[in-house]
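Visitor: what follows is a predicted protein model with its sequence.
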Amino acid sequence: MARALINLPRTARRGEVIEIRTLIQHVMETGYRPGADGVVVPRDIITRFTCLYNNEEIFAAELAPAIAANPFLSFSTVATESGILAFTWTGDNGFEQTETRSLTVT
Amino acid sequence: MRRVLLALLLAGAASAEPRQSGFELMSPGTQAMQRDDSANPGMLWVEEGRALWDSTGCASCHGDVARMRGVAARYPAWDAASGGPTDLAGRIAQCQEARQHRTPFPRESAEALALAAVIGLQSRGMPISPPEDPRLAPALARGEALYRERRGQLDLSCAQCHDANAGRHLAGSPIPEAHPTGYPLYRLEWQGMGSLQRRLRNCMAGVRSEPYAYGAPEYAAIELFLMRRAAGMPLETPAVRP
C-alpha cells in the first residue's frame, strides 16, 4: 500500500471553511519515457481522486500523465456536520487506495 | 601590535562570511514545499522509515526513533570495522548485517532511504557537528583533495563550481555552495528521494567522469570533507531541492 499523508483539522466550528491537503506516494509514470533498456515504460498513473464527506462527494479530480510523481492535492470544504471523510485514489494497474479521517464539528 | 590586531579582526570578519544553504537559492514555492511537512514529499519516506523502524526491529535495541536525535548531525563517523569513515547509510547497513543478521537494504533502495530519512529528521534544525576524531584526518584530507581534483572530460573540480562560482548560474540554474545539509532529500528532478551519493554521482556524470560505485570509500571521504565545511549549519533533512 502506498504511503499517504492527509492533513485536515480534527475539529472545526459549524460553517467554518477547512483546508484539506493530501499527498500520496506514486510514481506517476507518464507512458512516454524510455527506460534504461530503451523500451518505453508503460503508463502507470493515478487517474482519479475523490473525497467523500459522509458519503457525499465534495471534491474530485482527474489526473493526467503530466502530473508529477507523489501528487499533492489541496482543496477546501465547509464543515457542516461531524463525520467521516473518505479519500480514494484510483489508477492504472488496478491501483486503488482509500484512507479515512474523522472530523468533529462543534 | 595594533596593526596586527586589526589584520586579525579583518581576517576574522572575512572568514565569518555566512555560508548559504541551497535552500536560499530555491523559488519561494519550493521553499514553502520544504517548510510544510504536509506538502514535503520527503515526509512520505519518513513515514515509511518510521514503520520500518518498528517492523525491522531497530526499536528493540534503540527504542523510540526520537532517541536518535543528533545522530545524523555527527556523520560520517569513524568505523573501526572498515578502518575509515562511514556515512549514516553505511552504519545502518552495518547494524543490520552485524547485529540483526539480515541482508541490509541495498544502498539507494526505498527502504534504506526511508530509514536514513526518519533518523535524519530527528536532528532537523540541529547544527551539523562532525566528530573531532584524529583517526578521520587522512580521510578528511583525501576528501578535500577529491573536492579540488579536476575530473572528467570537462576537466572540472567540485571547487571550481561550488567555491569559485557559487551563486552564479550554470545553464539557468543557480550554483549552490554544496553544503550537504538536507540529505537524504526529495529532488524534484528525480521525482523521488535520493542520497548525497546519488547527488555526487549526478555531478560526476555532469562533468563527464566515471562515478565511483555506490558505497565507495571516496564518497565517505568527500562527505566527511563537505560536512566539516558545513559544520554549524542547521540540518534540514528531509530537504526539497529543484
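Guide: Yes, it's here. Just so you know, these numbers come straight off a predicted model, no measurement behind them. Numbers count the residues shown, from 1 in each chain, chains lettered A, B, ... in the order given.
Visitor: every contact and neighbour count from this point should use C-alpha atoms.
Guide: OK.
Visitor: show me what from chain B comes close to chain A.
Guide: Residues of chain B lying near chain A by CA under 8 Å from any CA of the partner chain: B:38, B:39, B:41, B:44, B:47, B:48, B:191, B:192.
Visitor: helix or strand for the fourth one, just tell me which one.
Guide: The one in question is residue B:44. Assigned by DSSP states H and E, residue B:44 belongs to helix B:42-55.
Visitor: by contact count, what packs against that helix?
Guide: helix B:110-121 (3 or more CA pairs under 8 Å, 6 or more residues apart in numbering or on different chains; DSSP states H and E).
Visitor: hmm, who's touching the helix it packs on?
Guide: If you take CA atoms under 8 Å, 6 or more residues apart in numbering or on different chains as the criterion, helix B:110-121 is touched by B:42, B:45-50, B:52-53, B:65, B:68-69, B:71-73, B:88-89, B:92, B:105-107, B:183-185, B:193-195, B:236-238.
Visitor: just the buried residues of whichever helix or strand comes after that helix, please?
Guide: Downstream of helix B:110-121, the next assigned helix or strand under DSSP H and E is helix B:137-148. By 16 or more other CA atoms under 10 Å in any protein chain shown, the buried positions in helix B:137-148 come out as B:137, B:139, B:140, B:142, B:143, B:144, B:146, B:147.
Visitor: can you give me the helices in chain B?
Guide: Shown for chain B, the helices assigned by DSSP state H span residues B:2-15, B:28-35, B:42-55, B:58-62, B:88-98, B:110-121, B:137-148, B:158-162, B:196-206, B:217-229.
Visitor: lowest average confidence across those helices, which one?
Guide: Mean pLDDT is lowest for helix B:2-15 out of those, coming in at a mean of 46.
Visitor: spatially, and excluding backbone neighbours, which residue is closest to residue B:167.
Guide: Sequence neighbours aside, residue B:175 is the residue nearest to residue B:167 in space, at 5.3 Å (criterion: CA to CA, 6 or more residues apart in numbering or on different chains).
Visitor: just the pLDDT for the one you found.
Guide: In this model, residue B:175 carries a pLDDT of 96.
Visitor: what of the one 5 residues further on?
Guide: Predicted confidence (pLDDT) at residue B:180: the value is 97.
Visitor: that one reaches residue B:231, doesn't it?
Guide: No - if you go by CA atoms under 8 Å, residue B:180 and residue B:231 don't touch, sitting 10.1 Å apart.
Visitor: got a markdown table for the residues of chain B next to chain A, with neighbour count too?
Guide: Formatted as a markdown table, the residues of chain B next to chain A follow (neighbours: other CA atoms under 10 Å in any protein chain shown):
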| residue | neighbour count |
| --- | --- |
| B:38 | 20 |
| B:39 | 23 |
| B:41 | 31 |
| B:44 | 26 |
| B:47 | 18 |
| B:48 | 20 |
| B:191 | 16 |
| B:192 | 19 |
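Visitor: neighbour count: residue B:180 and residue B:231, which is higher?
Guide: A count of neighbours by other CA atoms under 10 Å in any protein chain shown puts residue B:180 above the other of residue B:180 and residue B:231, at 24 against 19.
Visitor: ok, now which ones touch that one?
Guide: Per CA under 8 Å, 6+ apart, neighbours of residue B:180: B:196, B:223, B:226, B:227, B:230.
Visitor: is chain B contacted by the longest strand seen in chain A?
Guide: Assignment by DSSP state E gives strand A:95-105 as the longest strand of chain A. No - judged by CA under 8 Å from any CA, strand A:95-105 makes no contact with chain B; its nearest approach is 14.7 Å.
Visitor: just the CA trace of that strand, in CSV.
Guide: The C-alpha trace of strand A:95-105 is given here as CSV (Å, rounded to 0.1, in the frame of the first residue of the first chain):
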residue,chain,number,x,y,z
PHE,A,95,-4.4,0.9,-8.2
GLU,A,96,-7.0,1.8,-5.5
GLN,A,97,-6.4,3.2,-2.1
THR,A,98,-8.8,4.6,0.4
GLU,A,99,-8.0,6.5,3.6
THR,A,100,-10.5,7.8,6.1
ARG,A,101,-10.3,10.6,8.7
SER,A,102,-12.9,11.8,11.1
LEU,A,103,-13.9,15.4,11.7
THR,A,104,-15.7,16.7,14.7
VAL,A,105,-17.9,19.7,14.1
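Visitor: could you measure from the closest residue to residue A:53 other than its chain neighbours over to residue B:56?
Guide: Closest residue in space to residue A:53, ignoring its immediate chain neighbours: residue A:85 at 4.5 Å, by CA to CA, 6+ apart. Distance of residue A:85 to residue B:56, computed by CA to CA, to the nearest Å: 32 Å.
Visitor: just put the contacts of residue B:180 in CSV and tack on neighbour count.
Guide: Shown next, in CSV, are the contacts of residue B:180 (neighbours: other CA under 10 Å):
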residue, neighbour count
B:196, 19
B:223, 27
B:226, 20
B:227, 25
B:230, 23
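Visitor: from these, which is closest to residue A:2?
Guide: Nearest to residue A:2 among those, counting by CA to CA, is residue B:196 at 24.7 Å.
Visitor: the closest one reaches residue B:183, doesn't it?
Guide: Yes - with contacts counted by CA under 8 Å, residue B:196 reaches residue B:183, the gap being 6.0 Å.
Visitor: which pLDDT value belongs to residue A:42?
Guide: The model's pLDDT for residue A:42 equals 96.
Visitor: need the pLDDT of the residue lying closest to it once chain neighbours are set aside.
Guide: Of all residues not flanking residue A:42 in the chain, residue A:31 sits nearest, at 4.7 Å (CA to CA, 6+ apart). pLDDT, residue A:31: 95.
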